[in-house]
Structures are given as structure tokens and as C-alpha cells.
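Undergrad: coords below, sequence missing:
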DNA sequence: CAAGCGTGGAT
DNA sequence: TATCCAAGCTT
């Protein structure tokens, strides 16, 4: 085994973070736990996942239990975590494992890779961590550590194949799981994107970037394009019996399969209702506006509410499209609103 | 294969 | 306020 790898594993043995989805020393990790945590952690901070992982495990202790759950419940449980395609794929994947694979996750990267929501990184991570399969798991941490260790100056994503090859040369076949997690912990604690703590790094003597004074600027990558500003309107249509009109968004696109307060315009799509406002009703403006930033644009959402709640008999006459539904206000917390809609709902409730 | 896809925290 | 970043995947 390479000396660098030995140093890394020794450091990990002493400094590994204790995380809810990690097995205790000597115990076998549960592939279901590893899989769920890896999906949650895609582009999401450890701090955020820490708060949500246990909720899922408690509610659905096994992949079979998760497969039995209605999609709507899984989406609601995922609300606030973002990148909602992950939740749809999580559910699809659970059903596939439960119904086509006998409830057992595959153990090779190739087989894992065929499951929904599992790409190259996640396949490698599950195989290495849960099944001790000799695979590398190239996430942004691993890429950053390796790029610095070998002073790879070619920018991402072009250098990805080279980084993978270099990582593979360090991979200890007897401890692929610890190697993967060691790279991630080192990247998260020491070899951080900004202000790396090179003075504390167990690999400082081996690091080519440090020797060349390049650590902070590697890996190189293109700048993100600026985010445009968009605007939209959301409508609070409540009923005298304490229900509010909501709708489930289509599966494809922004906030796919999530519940929203009827709104229009902000994603560039035409409104789902005819006329300027839903059902040509009259509305009062509610202040302030909601401001929210998505992956690729800033949103300013103007809020409108009815002057008075609709009488139930009159509300029944509204021609609701499929996907629209009256929801009890006291259960608003459990319906699973995405964050932008949670912000809007809060302002509506405070205004009424 | 470049673009689309959430959110919260740090700077 | 603006920008970047965080255990990426899909089309």
C-alpha cells in the first residue's frame, strides 16, 4: 500500500466524523442506510442531512417499508431538502430493489449504476462503503483532494478522468470504504475549498500543490453564469371552513411532484388557469413579497389573497383541474411544501 | 453534453 | 446584496 494511503487511513482512524449513517467500528453498515444517506447528501450539506436522516429511518426502517409508502408521503417527507427529482428517484429505486431485487441492494458499481438516482459517484460510494467493493467514489471532496495532492492544473470537468485514475492508484483494496470516507472527511475538514488547513493536513509532505503554493486555487473550474431575476404571483384562496386551495405540480420541471400555492408565471410557463387570476376572482395584495433564490434564477413572488374566505357552497362551483385540492389549514405543516411555498404560506397566515 | 434542478450557510 | 459552495444525477 502506498505511503500516502497509509497516512490518510491512519488520519481517518483518529479523526473520522461520527455520523448517524456510519456503522460503528467493527459493525457492518446497513446498505439501506448508506444508500439513503448518499442520496440525501448529493449537493446537500452534512448539517442539513443530519437533521433529516433519522426521520426517514424511523418512519421507513427498511427499503421494503419505503417501497410500500405512497409517493406523496415520500415527497412530503423530502420537502425542504431540494432537488426533488432525488425523492422521486428514491421512491422508484426503493420499489425496484424491493420488487425486482428481493429487497437487497446490488453490491457492484455496475449494477448499482442502473438504479434510478444512482450515478458514478453514488454507485462507487455504496459499493465501497456498504459492500467493501474496491471502487473509488469521486465526489467534489475527492476531486479537490486528489487535484491538490497531484497538482492537477487542468480545469474541471476535463480533468475528471485523470483524477479518477490518480485516486484509483491510491485505493487500498482491503479498505475501499474507509478510503472513500477518509477522502471526504479530509476534504470537508482540512482540504476545504476555501482556506484549506494545510498546516494540519496528514498529507502535507506529499502534496504537490502545497509545494507549489497552488493549494488554494486548485482544482480550477469555470465561473458560474449570473442568475437572472424573475417575478411571479401566488394566490391564497381560502374557504370559510378552514381549507385552502393547493395543487400538485407536474412531475417534470421545477419543484416537480411537489405541492404549491397556486401561482403563475415565475418559471416561464403559462398559468394553469384562464384569465389574469384564478377563476377570475378578485384579490388583495399581501406584503411583503417573497424573495427566493433557486439553482439558476432569483424569484420575487407577489402575494395575493381573497378579501374574505369563500363560502363552501360557492367554492364547490369552482372548476378545479386535476391536481388541485382543498387542504385543511391545520394540516398545512404536513402537506410538504417546498421552501419557497413555506415562505409564502407563512406570510399569508400572518396577514390574515 | 451543457443545462436544469433547491436550499442554507459562509464569506 | 451577490457569490460561492455542499457526499451529483438526468436528459
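TA: All right, it came through fine. Keep in mind that this is a model prediction, so the values were computed, not measured. Numbering: from 1, shown residues only, chains lettered A, B, ... in the order given.

Undergrad: contact residues of the stretch 201-350 of chain A facing DNA strand C?
TA: Residues of the stretch 201-350 of chain A lying close to DNA strand C by CB under 7 Å from any atom of the strand are A:221, A:223-224, A:226-227, A:293, A:298. Yep, even glycine has a C-beta here, placed from its N, CA and C like the rest.

Undergrad: how about the residues of chain A by DNA strand B?
TA: Within chain A, the positions near DNA strand B by CB under 7 Å from any atom of the strand are A:43-45, A:47-48, A:80-85, A:157, A:194-195, A:253-256, A:267, A:292-296, A:338-340.

Undergrad: show me where pLDDT drops low in the stretch 251-352 of chain A?
TA: Residue ranges of the stretch 251-352 of chain A with pLDDT under 70: A:265, A:267-272, A:274-275.

Undergrad: quick one: the helices in it, in order.
TA: With helices called from DSSP state H, counting those that start in this stretch, the stretch 251-352 of chain A shows them at A:312-315, A:339-351.

Undergrad: need the winner for burial among those.
TA: Ranked by mean neighbour count, these are led by helix A:339-351 with a mean of 18 (mean count of other CB atoms under 10 Å).

Undergrad: who does it touch, helix- and strand-wise?
TA: Helix A:339-351 is packed against strand A:229-236, strand A:284-293, strand A:298-305, with contacts defined by 3 or more CB pairs under 8 Å, 6 or more residues apart in numbering; DSSP states H and E.

Undergrad: cutoff 6 Å now
TA: Judged by 3 or more CB pairs under 6 Å, 6 or more residues apart in numbering; DSSP states H and E, helix A:339-351 is in contact with strand A:284-293.

Undergrad: flag every buried residue along the strand it packs on.
TA: By neighbour count on 16 or more other CB atoms under 10 Å, the buried set for strand A:284-293 is A:286, A:289-290, A:292.

Undergrad: try stretch A:304-311
TA: Buried residues in stretch A:304-311, counted by 16+ other CB under 10 Å: A:304-306, A:309-310.

Undergrad: rewinding a little: ok, the residues of the stretch 201-350 of chain A next to DNA strand C vs DNA strand B, which is closest?
TA: Nearest to DNA strand B, judged by CB to the nearest atom of the strand, of these is residue A:293 at 5.1 Å.
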